[in-house]
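Q: the following block contains a protein sequence and its predicted model.
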Amino acid sequence: NAGVMQNPRHLVRRRGQEARLRCSPVKGHSHVYWYRQLPEEGLKFMVYLQKENIIDESGMPKERFSAEFPKEGPSILRIQQVVRGDSAAYFCASSPGELNYGYTFGSGTRLTVV
Amino acid sequence: AQSVSQHNHHVILSEAASLELGCNYSYGGTVNLFWYVQYPGQHLQLLLKYFSGDPLVKGIKGFEAEFIKSKFSFNLRKPSVQWSDTAEYFCAVRNNQGGKLIFGQGTELSVKP
């Protein structure tokens, strides 16, 4: 009974490099959400995706950040040309989409930009 | 826009003390409400949720929360905390049509043995 799988757990990147974070939702879940957690702050919504569609990207920075959830494979959050301020924990959650269900969270990817 | 406010940033209690964590939300429509717990270094786990019906919701590990619509509140309670309850607690809201969760800033609970 696999939950939401995120990898890698820890990712170190130098400034200017690209970071790719992966999220495999719970089997049968077609909705994926990405959140960012900065030290001493709560979780900030970034983007909500369904298979092959971006439903709500109101929390995504306008530049350098992108997300996808292809028909096959995991959801990917991509950060281009990373800066130190991108250092954070990035959490993915999934849901089946039905209104009476909640969300299952992954263990997160901790990105450190050096 | 939806927003969630958690009044206490850090709460320190002794074991067996009672707990109440405040949560207020701002939203004009019908909402679903959640409390999550995050143990150190771990992912968020659902404690309880409210969708409709009885406003007093019971969750796991002895936690409960009461939805008071007139006060836009969903406070979390536990009659007697344990050292193992040391964690960060997050209140969250979404509109009842689904979609994204909006989180409060979290309350860090430290329970002294």
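A: Everything's here; your move. This one's a predicted model, so the numbers in the text were calculated from it and none came from an experiment. Numbering: from 1, shown residues only, chains lettered A, B, ... in the order given.
Q: going by C-alpha atoms from here, please, whenever you check contacts or count neighbours.
A: Noted.
Q: can I take it that residue B:109 is in a strand?
A: Yes: under DSSP: H, G, I helix; E, B strand; the rest coil, residue B:109 falls within a strand.
Q: in space, what's closest to it - neighbours in sequence excluded?
A: Spatial nearest neighbour of residue B:109, chain neighbours left out: residue B:11 (4.9 Å); criterion: C-alpha to C-alpha, 6 or more residues apart in numbering or on different chains.
Q: quick check: end-to-end length of stretch A:39-52?
A: Using C-alpha to C-alpha, to the nearest Å, one end of stretch A:39-52 lies 32 Å from the other.
Q: how about the residues of chain B by chain A?
A: With C-alpha under 8 Å from any C-alpha of the partner chain as the criterion, chain B comes near chain A at residues B:42-46, B:49, B:51, B:90, B:96-106.
Q: sorry, back to before: hmm, residue B:107 and the residue nearest to residue B:109 touching each other?
A: Yes: with contacts counted by C-alpha atoms under 8 Å, residue B:11 reaches residue B:107, the gap being 7.1 Å.
Q: got the contact list for the most centrally placed residue in chain A?
A: In chain A, the C-alpha nearest the mean C-alpha coordinate belongs to residue A:34, at 3.6 Å (C-alpha atoms, centre = their mean). Neighbouring residues of residue A:34 by C-alpha atoms under 8 Å, 6 or more residues apart in numbering or on different chains: A:45-48, A:77, A:90-93.
Q: and the residues you listed as JSON lines, adding neighbour count?
A: Listed next are these as JSON lines, based on neighbours: other C-alpha atoms under 10 Å in any protein chain shown:
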{"residue": "A:45", "neighbour count": "22"}
{"residue": "A:46", "neighbour count": "23"}
{"residue": "A:47", "neighbour count": "24"}
{"residue": "A:48", "neighbour count": "27"}
{"residue": "A:77", "neighbour count": "21"}
{"residue": "A:90", "neighbour count": "24"}
{"residue": "A:91", "neighbour count": "26"}
{"residue": "A:92", "neighbour count": "32"}
{"residue": "A:93", "neighbour count": "28"}
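Q: what helix or strand is residue 48 on?
A: Just going to use chain A. Using DSSP states H and E, residue A:48 falls within strand A:43-50.
Q: wait, chain B was what I had in mind.
A: Going by DSSP H and E, residue B:48 is part of strand B:44-50.
Q: what packs against the helix or strand that that strand is followed by?
A: The first helix or strand that comes after strand B:44-50 along the chain, using DSSP H and E, is strand B:56-58. Using 3 or more C-alpha pairs under 8 Å, 6 or more residues apart in numbering or on different chains; DSSP states H and E as the contact test, the elements touching strand B:56-58 are strand B:44-50, strand B:64-68.
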